[in-house]
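[1] Sequence first, predicted model second:
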Amino acid sequence: MYKYVIRRLLLAVPVLLLSSLIVFGLMRVMPGDALTALMAESGNVGERELKKLRKDLGLDKPYYEQYLLWVWQMVSFNPGDSIFTNEPIPVSLKKAIPVTVELAALAMILGLVIAIPIGVLSATRQDTPSDYAGRVVAVSGLSLPDFWLGTLVITFAAIWFRWIPPIGYVSFWESPWRNLQQFLLPAAVLGFRLSAATMRMTRSTVLEVLREDYVRTAWAKGLGGRIVVYKHALKNALIPVVTIVGGQLGVLLAGTVVVETIFALPGMGRLTVEAILYRDYPVVQTNVMLVAATLVTLNLIVDLTYAWLDPRIRYS
Amino acid sequence: MATVTARVSDFEVEPTETISRTRALWHVIRRKPLGMASAVVLLLVVLTAIFADIMAPYDPLATQPEIRLSAPSRAHPFGTDDIGRDVFSRVIYGSRISLWVGLLAVGIGTAVGMWIGLLCGYCEGRLDLTLQRVMDAIQAIPGLVLALAIVSVLKPSTTNAMLAIAVVIIPGNSRIVRGAVLSAKQNRYVEAAQAIGCRHPRIIMRHILPNVTAPILIIGSIWFGNAILIEATLSFLGVGTQPPTPSWGLMLSSTGRAFMEQAPWLAIFPGLAISLAVLGFNLFGDTLRDAWDPRLRRQG
């Protein structure tokens, strides 16, 4: 097991290095460089100031030197300052990360709370109206764009209940109630989207497991339906669901980009979108790299959880 | 207890092996209501895009400020926007952008992904290892974030959004094709072709490629829905199609959000159009899989 973890961690290094090369290369594909593009857009900046700024940002150095410097900055947790706000990037990240983590965690919890019971219900009542309803909910979750759902939720909450989520982010520790009011709707929108694939997977694995011999034995012993489904079937059916949840992490992180923008939550997603719109490339490359590193780590954790849940899986 | 009856003839021939792909698809579409529904939706979206000029009652760019933000009526079934453009006509023309982006993004992404997958699966070894690590590296970045970064570098436009989506599609496709090639290579006829001295390009084109077209088409149709969704999201975030071109995502972000309390129809109809198109492609992908996935086909 330890060997497997170490091997996976070692494999993650070249993948992340390649990702960093892609991100770094991307930011330098632009004709000229990022700064010239930025200055051309904002206009009235003197040649001398431009030269100074370029030197300060290290853009006058050869590419390989810039890349190595950036990698070093990333590894030493000091990715520099934003071009646009001049704020050190770690400071902005320190403010943004808790918002995204809270949103993602709440969305994940809500997603599972929606998906698993409906998935089980769909499977245990296969081909009945409740099964069809569950499947329609799942397919809608895959097809309804989260930005549309978010817009509709805000609109109808305002029209029908004359209520809009409180504006201006407040942390959970400052005012838990206000914070939850801000997070509940966006987390529900994101959770609904996440629940779709999990629901479909839960339905199909529960259907499969319900046909297993040991479940038939449980029925034959005279156990109650709830015990058979929840204690015997669900436990095994949930193992493949973990993989699907793992696969959803990318969707979750991408979803926060959209949902944070709609609900005006100052998280990583909104920070990245704003940086992209302002061509604040140090922030863009840092954020994208951070997201990639998080995704690689989370995927590893999911794989390990899989082994923990199913003792038959032995990694070598 | 259920009884199983079978005629002797059932075991003598394998009809599933001989029926063509089109017939297999038609068979599934006819039998499954969701398959039929997805085919109808798909046809509707495609016909709307092709005949937008005939179907749209107004010019999608023509403004009539005197009737701005008017509610849905007989003259304007989806209402009008903040400068008096007919939302129905704009939704109809919007299907062109979505389909165009979907078609080209999926086409480019699938073609490039297919060739990478073919090369990796056929050559294996160091080339495979290197290319697949590059694919891993691209996949480590969430699709939407990668597309956003690419578009920001290339400048926001429909074409660049399409290229960005194509890049997002490549790794997943290459992996699926690689898997299919690796399993196709195990076939005896490939070994035979190698033994009689066929050249590699001929083996790839004649003996391996036909085995991987089904997975490519299935994954392509599923990606089509996703491509429409990503284009709409990019346009919604302001880095995709630019105004005044009628794109569903852009319609939602520019006027839909600004006037959502005053004129909710501005947000409802473009969103419904996106959902319907994506739903159609997702379900059609499922239908194709049911029809062409050999494991499922035998069960059906």
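    Great, that's in hand. Numbers count the residues shown, from 1 in each chain, chains lettered A, B, ... in the order given.
[2] number of nearby residues for A:Leu194?
    28 (other C-beta atoms under 10 Å in any protein chain shown). For the C-beta atoms, the positions are set from N, CA and C on the backbone; glycine is no exception.
[3] Next up, the contacts around it.
    By C-beta atoms under 8 Å, 6 or more residues apart in numbering or on different chains, the contact list for A:Leu194 reads A:Ala107, A:Met108, A:Gly111, A:Ala115, A:Gly141, A:Gln248, A:Val251, A:Leu252, A:Gly255.
[4] at 6 Å what do you get?
    By C-beta atoms under 6 Å, 6 or more residues apart in numbering or on different chains, A:Leu194 lies in contact with A:Gly111, A:Gln248.
[5] Where does it fall, secondary structure wise?
    helix A:176-210 (DSSP states H and E).
[6] and residue 143, what pLDDT?
    I went with chain A, as the question did not name one. If you check A:Ser143, the pLDDT there is 85.
[7] actually it's chain B I care about, not the one you picked
    87.
[8] Enumerate the residues of chain B near chain A.
    When proximity is defined by C-beta under 6 Å from any C-beta of the partner chain, chain B lies next to chain A at B:133-134, B:136-137, B:140-142, B:144-145, B:148-149, B:152-153, B:229, B:232-233, B:236-237, B:257, B:260-261, B:264, B:267, B:271, B:274-275, B:278-279, B:282.
[9] Just the buried ones from those residues?
    For those, a burial check counting by 16 or more other C-beta atoms under 10 Å in any protein chain shown picks out B:134, B:136-137, B:140-142, B:144-145, B:148-149, B:152-153, B:229, B:232-233, B:236-237, B:257, B:260, B:264, B:267, B:271, B:274-275, B:278-279, B:282.
[10] mind showing which ranges of chain A have poor pLDDT?
    A:30-45, A:312-316 (pLDDT under 70).
[11] Centre-most residue in it?
    Centroid-nearest residue in chain A: A:Leu253, 1.9 Å away (criterion: C-alpha atoms, centre = their mean).
[12] elements contacting the helix or strand hosting that residue?
    Assigned by DSSP H and E, A:Leu253 falls within helix A:249-262. In terms of contacts (3 or more C-beta pairs under 6 Å, 6 or more residues apart in numbering or on different chains; DSSP states H and E), helix A:249-262 is packed against helix A:89-124, helix A:146-161, helix A:176-210, helix A:268-277.
[13] Give the buried residues for the following helix or strand past the last one.
    In this case it means helix A:268-277. Per DSSP H and E, the first helix or strand lying C-terminal to helix A:268-277 is helix A:281-309. By 16+ other C-beta under 10 Å, the buried positions in helix A:281-309 come out as A:281-296, A:299-300, A:302-303, A:306.
[14] Helix A:281-309 packs against which elements?
    helix A:2-27, helix A:234-247, helix A:268-277, helix B:143-154.
[15] how about JSON lines for the ones you listed, with distance to B:Ala24 added?
    Shown next, in JSON lines, are the helices and strands packed on helix A:281-309 (distance: least, C-beta to C-beta, whole Å):
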{"stretch": "helix A:2-27", "distance to B:Ala24": "39"}
{"stretch": "helix A:234-247", "distance to B:Ala24": "27"}
{"stretch": "helix A:268-277", "distance to B:Ala24": "43"}
{"stretch": "helix B:143-154", "distance to B:Ala24": "31"}
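[16] Also compute the angle for the helix holding A:Leu253 relative to helix A:146-161, please.
    50 degrees (axes from the mean of the first three to the mean of the last three C-alpha atoms, to 10 degrees).
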